[in-house]
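A.B. asks: Quick check, what structure comes out for this input:
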Amino acid sequence: MTTPEILSVLKKAGKPQTAAIYKHYGTGDNVFGTLTSEIGKLQKKITVDHALALELVVVLADHS
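C.D. replies: You can find the predicted model right below:
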């Protein structure tokens with residue numbers, strides 16, 4: 001998977017109500033509202049990819 005694909009999956013799986021809950025508990029304003037269970041499913045699809053992880057960190061840091 002690529003970074004744009006992952007971000008797309010996270011955005012599609014996100015729910016505004018879940019994002020509101022996360023924001024209430026201090027995650028900041030820049031959240032997708034994706035349940036951690038959905039993130040776990042995505043993690044199993046990706047497995048281990050260090051280069052992708054570094055790219056996601058940079059993209060998400062710039063996104064905030």
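
A.B. asks: Show me what the helix or strand containing residue 43 packs onto, helices and strands only.
C.D. replies: Using DSSP states H and E, residue 43 falls within helix 36-46. In terms of contacts (3 or more C-beta pairs under 8 Å, 6 or more residues apart in numbering; DSSP states H and E), helix 36-46 is packed against helix 3-13. All C-beta atoms are positioned from the backbone trio N, CA, C, and that covers glycine.

A.B. asks: What lies in contact with the helix it packs on?
C.D. replies: Residues outside helix 3-13 that contact it (C-beta atoms under 8 Å, 6 or more residues apart in numbering) are 32, 34-35, 38-39, 42, 46, 52, 55-56, 59.

A.B. asks: buried subset of those?
C.D. replies: Neighbour counting over the contacts of helix 3-13 (16 or more other C-beta atoms under 10 Å) leaves 32, 34, 38, 56 as the buried ones.

A.B. asks: phi, psi of the closest residue to residue 16 other than its chain neighbours?
C.D. replies: Of all residues not flanking residue 16 in the chain, residue 33 sits nearest, at 6.0 Å (C-beta to C-beta, 6 or more residues apart in numbering). In terms of degrees, to the nearest 10, the main-chain angles of residue 33 are phi 80, psi 30.

A.B. asks: so what's residue 33 up against?
C.D. replies: Residue 33 makes contacts with 14-20, 22, as judged by C-beta under 8 Å, 6+ apart.

A.B. asks: And residue 34, which helix or strand is it part of?
C.D. replies: Per DSSP H and E, there is no helix or strand for residue 34.

A.B. asks: Report the contact partners of it.
C.D. replies: Contacts of residue 34 (C-beta under 8 Å, 6+ apart): 10-11, 13-15, 18.

A.B. asks: one more time with 7 Å
C.D. replies: By C-beta atoms under 7 Å, 6 or more residues apart in numbering, the contact set of residue 34 is 10, 13-14.

A.B. asks: That one and residue 43, how far apart?
C.D. replies: From residue 34 over to residue 43 the distance is 12 Å, taken as C-beta to C-beta, to the nearest Å.

A.B. asks: Residue 26 too?
C.D. replies: For residue 26 relative to residue 43 (C-beta to C-beta), the value is 23 Å.
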